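Visitor: dropping the sequence and predicted coords here.
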Amino acid sequence: MLGVELLSLVVSLTPAEKLNRQIVRVLTSFFCGKLDDMATIKPALNGLATLTLLQSFSPVEAVVTIEAIFRHIKMKSIVQDQRFKVFSIIDSVMAFHRDVLKNMGKQFLDGYINLAEGEKDPRNLIVAFAIARVILIEFDISGHVESMFNILFCYFPITFRPPPNDRYGISTDDLRMALRNCLNATPAFGPLAIPVFLEKVSAGSRVTKKDTLQTMAVCLPVYGSALARVSARKLWNALKLEIFQPVDPETEQEALKTTQILVKTIYMDEEEALEHDEDIQGLARDACEECVHILKEPEKTQAKPAIKILCTFMTTTPSVARYTISQAVPHLVRLFLTPDEASTREPTLLLLSDLIAAARDSTKKSSLEDADPPLLPYKDEVLGVFIVGLKLITTRNAALSGLKVMATTKRLLSDEELGFIVHNVNEIIQADGEELYESIEAILEVLTIISDIAPRHVVEQTLPLLSSSLPDTAPARDDATGREKCWQTLTTLSKLCIQTELFEQLVIRLTTKLDLLCFPSSEQMLSVSADPEPTAAYAHMILKALAQALSTKVKGKHPDIAKYLDRLVPIIFNVFVSSAFLSEEQMIVAKEPRLVQVAAEIINFVVQSVPSEKQRFYSVELSKAIIDGNVSTIAEGFQKAAKSERFSIFDASTTSAKRNILALLSAAVISLHKEARLSLRDVSGFLEMLLRWVLDIADNDIQKLAALHIVSSILNRQVEDLSVFLNTKLDVYWNTEIVNDASPLPRRRWAIKTWIWITKALLVRKHPLAMKLTEQLYDAFDDEAIGWDAAKAIGQIPSPDTVLTKANHAEVKLIPLLLRGLDLPDAEIRSNIIDTFLAAAEGETPEKSLVAEHGVTLVNAMLKNCVSNDVSSTQVRISALRYLAVLPSIVRYDILHPHKATVLRELAKVLDDPKRAVRKQAVDARTNWFKYKG
Amino acid sequence: MDVDLPYKPQWNTGHEDRAWHVAWNPAKPLLASCSADKTVRLYSYASSSNEATPGLEFQLITSIPTGHAKTVRSVAWAPAGQTLATASFDSNIGIWEKEADEWECISTLEGHETECKCIAYSASGTLLASCSRDKTVWIWEVHPDGDFETISVLMEHTQDVKFVSWHPIEEILASASYDDTIKLYIEDPSDDWYCFSTLSGHTSTVWSLAWSPGTSSYLASSSDDKTVRVWRRVAEHKWECVLVLGGHDRSVYSVSWNKAPKSVRKSTPGCLGWLASAGGDGKVLIWELSEPILEDNTSGNVSLLPPRHKLIASIPSAHGVHDVNSVVWCPREGYEDLLATTGDDGYTRVWKIVPTT
Amino acid sequence: MSAPGHFIALFHSSQMPGEIFNPNPVVFSTSKSAARQSDLLAHSLWVTDSSQSEDEADDVEPIDQDEIYDLIRSIYDPEHPNTLEELRVVSAPQVTVGPNSVKVEFTPTVPHCGMSTLIGLCIRVRLLRSLPERFKVDIFVKPGSHQSENAVNKQLNDKERVAAALENPVLLDTVEQCLSNVGARGIV
């Protein structure tokens, strides 16, 4: 026995080229001879497993080996590892000497079936299923269908659960897939399999149902249309049950998918032969009739699954789809026009809308994309029904969703018909009652869709309608209704005017209005001067609307934003720069800091969307403006002041209004790409100047922050050129400006803010100094005057901002620092830190979580932060609860299991928080923890 | 009368989930509570060794993980105080004895089809009764060495049976049910056990029962109808409702009746003892009951008059905002003024009823 | 000794597998949780980004009818892939809130609905998990809406039966299914 073992070991260690045919033959015969002895079976199998992989292992040995295995091995009397070897040997022979096995014919099949029968180990089954699939596909199994069926279907459905810490890592799904690949390997299984499927799907648990449905979906096409046709009734009856009385949405979805495949399988090959859609017979016809019958009561629950089935039919075969439409659409149209009860009208439209959406989607991504849409023959009736529905308040939203579908169906509506829809929608906008509010979102959607296809109608009909309702002068102070109306119109415009042409129109119309407001005619000047605030607020709304539209466009990455660098940005600069030049005594609307801020947002949106080559040119002009005070090339518009005059922002003698312009310049600077950065002769000197300017000259927060944003973004882009600045100047700055008691407190606070923005820039670049600068703030905690600000800074450093947009939160090293910050007394700090954790949680999974090792600390910290008696800030409590709600999805259960009871108990107390918003989060967090299971 | 502070500070060790029921050991200073957390907790008590805080000190001595698969709904001590029985929603009954410092399950009684809700030992300790949502009441004969024999299965109720209780002297068994009735059973010497009387009057589920102390010619019952009813034995086999006590705003889950402390018994002629009730409103009410006194000039019958009753103490929010699930007087001589309660908060609390000074 | 008699199932119904009590109830359109007409300009001339400012105010917002309705409206009906709101099984006016008590009334879709106890149980579990412990919750079917009104009510308000029901894994699984999208609070 020892000899066999030794030999087997030697063989496994001998280089393959040393084992020639002769030796392999002798060894094979030797090991085969040892298979009948329980004492030597293990090393013999090991030896054979090595040999079968060798090139010198010939077909003759293959037969010898297989025959010996069939003759001697009793699978039931050997252990799992040895059985695994047996399967591995057969698998190797199957891979290298498949023809030998095929030639063995019945002998091999009988032997293998006998051997594989009753295997229970998952690792072995994975190999066995792989072997079985090859046999089913490539071997002549005509005499073995039933026995192959028996040794495979006995495992269906797979109910195996991997043991904890399973060393082979075989999942239930691995086994399911491997088995499925056998079940669908041959059409011969069909007649035997259908009854099994029917039984499992109706009697099974949720998991079994799902598995069976998915298996049917992959098997039915293989089993073929003839079988599908004869089993259609039975299969449909079973599937129907899962759709009309679904155990859960997922199973319902699977059942629908399987139904689709069943219908496809049945009708695919007769598609060609069919002359008229009306000739459709069998399942599709019957099922269609059944569903249409159910649709007679569109307001009942069963109507939903019925329409889902009909929708599914859209993606089967073209003739089935056309037939379905020809049955269902006219039926629903009739139902709408002659309802027994008005209340059935809304559900009817919704069902119709679902159906035509499925019809629309059926031709996507297929060869049919260029064909006529299946709805075409019924277009007029359907459009008519939706237009009628539009006029009634109760059916309006349903009609709008239907119109949306029609408008998005390619080649369905003519330009004229789209105009007709816009016309009808405009009528609702014009009527402008309370009800408009209920439908505005849906209306905007329809108009937006149409403006993508045929912008003309919206530009010519809707835009004038909306903008004419905006007054040229601001609503008076006491005219709250007028103001509300303005804002609603502007909001509508900002949502509607996203498409290229519409946005262009919006910019023209709104900038004109803005100019009128900021530079009123002399007769209006009087009233504006008397009370400038309403005008400023109105101008602010207009800027906001522009910013909102731009924000949507930025999210959608619209390429046309870039051109507004020439069209919108100069106008904005012109308005604000010119206003800054007007004499100090004049009441100037655009000097209002709130307006400056929105204007900066707009500039930021545009510049960030400009490609870097174009940015490079712009950056040259921008540098001129910042350094030389020459704004003539970046400002353009009706006002001439900006063209002719120069101003130097950083001069101590300049006015505050001019200094505010830095906010606009900064908004542009921070959007520049690295390669389009400002052209500065002495970067370090410029930064130092800005730091001084912040503390010595700048006179409001807008200016100071604008300067710090520039500092931060320059550092971020050019950190490698600034080592001197970082290594020498910062230490001095720390000592003279931050920890220096003699310095006035407000100055020291701004010095800390400066520190924050410098550190932020370094953190994003993963610069080692970032940690040091952060640590340094902890040193300032003991300082009576600024300790609190230093603490606050800790929370602000990693928190997300709009200046350094690159995700900077997932900095692992910072986690312990941040955790320390969660104990600080200030709510704002903690809120910042928690938000940072929340942002970091995105993309985290239990398998790969940065915070897992701190899970317990985080749970305790968050629990402390969500109790209203101790934490007065609503925002902090909400943030803490949000984070608690997220934890179960990002930390493995076993780590937090011991804390589950405590969390549930503590959260129970938070359910009684005085604030509704907090309670809502507490309920959601608690629900997630209830669901949190191993 | 006044209510002393509960002894909670000394033993701040509640269950992890709702505490359902509590039972005083009749012989030793021991208290057992049971819970939805599937454990039984045992507490001991002794006079305080600290002079600053006189009174009793309670201490958790062990928490028994019963091995029941579901909630342990109730616990009962055998009269000798050596054996503890547990009734669980897993439908089984556990019998526990202390062996070498460890509480061991010496026997598991299976038979009920669904949740077992209550168990009770007869006064002699030779019979054990149990009841279940399966509508049955079982009577088991207790043999030595943890051996039990089913001697009767009573299927009288039409709904769940919530509670069983033995008469303190005679072998009369009472059961209370979701069918709103109370049934009384005795053994027919020549035949099986049988129900000899059904007490109707409550308008909803009857949750619990308590016999008056001593010769016990009264039975109290508490109900989902928010009342406590007191029934009097008017003939050998005949009981009638003589008193309805209100005062609760929600279901009355528990009622307990014990003799009053010696001083009270002496000063109150015909004293029937103290009756405590508690329930979903979180309140514990304590009544003093005594036999009615027949006025000299009336020719009536004492049995027509209700017992005299007065509310002597009330504990609002005994377990904070939580329901009180059980209230039980200490049966030991000299400790008659001690009352234990359990609540949905998982705690067991002990209260001492003292005269107002 | 043999086990006596036959017993009704726990918290149950005498439902046969696959039997449906109301195969096809009406689905109602749901109200979009009435987005309040913005009053953002009522007090100020200026459009602001968020309404955070008043958030920190000390005023207590008591738990009210709407808040509780929000908690239960998106519970799924055990028989249909619709919410209790869509089937009008629950509605805001059927919720009554006292200082420490809540009463919820619900309307089964058909008077013989064997799912009523299950629906009530789902409501109870949701509220048990979402409301502060101080609230005592009573759940009833709408008077006259169910043929076994009393039996259903009694069962739903028996804490012992509810506790036992929630220890039944099959039943609990069904309840969890019905509660699977309950956080939607009516938002589709």
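Guide: Yes, it's here. Everything quoted here is computed from the prediction, not taken from an experiment. Numbers count the residues shown, from 1 in each chain, chains lettered A, B, ... in the order given.
Visitor: so residue B:108 bridges to which residues?
Guide: residue B:94 (DSSP bridges).
Visitor: who's in contact with it?
Guide: The contact partners of residue B:108, by Cβ atoms under 8 Å, 6 or more residues apart in numbering or on different chains, come to B:92, B:93, B:94, B:95. Where C-beta positions appear, they are placed from N, C-alpha and C, glycine not excepted.
Visitor: number of residues surrounding the nearest residue to residue B:215 once chain neighbours are set aside?
Guide: Spatial nearest neighbour of residue B:215, excluding adjacent residues (Cβ to Cβ, 6 or more residues apart in numbering or on different chains): residue B:169 at 6.7 Å. Other residues near residue B:169 come to 12 when the count uses other Cβ atoms under 10 Å in any protein chain shown.
Visitor: ok, which residues in the stretch 1-150 of chain B are in contact with chain A?
Guide: residue B:16 (Cβ under 8 Å from any Cβ of the partner chain).
Visitor: what distance do you get for the residue in the stretch 1-150 of chain B positioned nearest to chain A to residue B:36?
Guide: When distances are taken as Cβ to the nearest Cβ, the stretch 1-150 of chain B reaches nearest to chain A at residue B:16, 6.0 Å away. Look at residue B:16 and residue B:36: by Cβ to Cβ, to the nearest Å, they are 8 Å apart.
Visitor: residue A:334 too?
Guide: 59 Å.
Visitor: comparing residue B:16 and residue B:36, which residue is more hemmed in?
Guide: Taking neighbours as other Cβ under 10 Å, residue B:16 and residue B:36 compare with residue B:36 leading, 22 against 15.
Visitor: measure the residue in the stretch 151-300 of chain B that chain A sits nearest to to residue A:122 for me?
Guide: Nearest residue of the stretch 151-300 of chain B to chain A (Cβ to the nearest Cβ) works out as residue B:282 at 16.2 Å. Between residue B:282 and residue A:122 the computed distance is 55 Å (Cβ to Cβ).
Visitor: now residue A:519
Guide: Distance, residue A:519 to residue A:122, by Cβ to Cβ: 79 Å.
Visitor: then residue C:107?
Guide: When residue C:107 is compared with residue A:122 (using Cβ to Cβ), they lie 50 Å apart.
Visitor: the biggest helix by length in chain C near chain B anywhere?
Guide: Ranked by residue count, the top helix of chain C under DSSP state H comes out as helix C:116-130. No: using Cβ under 8 Å from any Cβ, helix C:116-130 stays clear of chain B, coming no nearer than 10.8 Å.
Visitor: and that helix, anywhere near chain A?
Guide: Yes: part of helix C:116-130 sits near chain A under the criterion Cβ under 8 Å from any Cβ, namely C:129, C:130.
Visitor: now check the helix or strand following that helix, is it near chain B?
Guide: Sequence-wise, the next helix or strand downstream of helix C:116-130 (DSSP states H and E) is strand C:136-141. Yes: using Cβ under 8 Å from any Cβ, we find that strand C:136-141 touches chain B at residue C:136.
Visitor: strand C:136-141 packs against which elements?
Guide: For strand C:136-141, the packing partners by 3 or more Cβ pairs under 8 Å, 6 or more residues apart in numbering or on different chains; DSSP states H and E come out as strand C:101-106, helix C:116-130, helix C:149-156.
Visitor: endpoints of stretch B:129-142, how far apart?
Guide: End-to-end span of stretch B:129-142 (Cα to Cα, to the nearest Å): 10 Å.
Visitor: and the residue of the stretch 1-150 of chain B closest to chain A, how far from residue B:65?
Guide: With distances taken as Cβ to Cβ, residue B:16 is found 11 Å from residue B:65.
Visitor: between the two, which contacts overlap?
Guide: Shared contacts of residue B:16 and residue B:65, defined by Cβ under 8 Å, 6+ apart, comprise residue B:39.
Visitor: so, low pLDDT: which residues of the stretch 551-700 of chain A?
Guide: The model of the stretch 551-700 of chain A has pLDDT under 70 over residues A:583-587, A:641-644.
Visitor: close to chain C: what parts of it are there?
Guide: So the stretch 551-700 of chain A meets chain C at residue A:594 (Cβ under 8 Å from any Cβ).
Visitor: checking the nearest residue to residue B:116 once chain neighbours are set aside next. Helix, strand or coil?
Guide: Once flanking residues are discounted, residue B:116 sits nearest to residue B:87: 4.2 Å by Cβ to Cβ, 6+ apart. Taking DSSP: H, G, I helix; E, B strand; the rest coil as the rule, one finds residue B:87 in the strand state.
Visitor: pLDDT wise, what is residue B:87 at?
Guide: Confidence at residue B:87, expressed as pLDDT, is 98.
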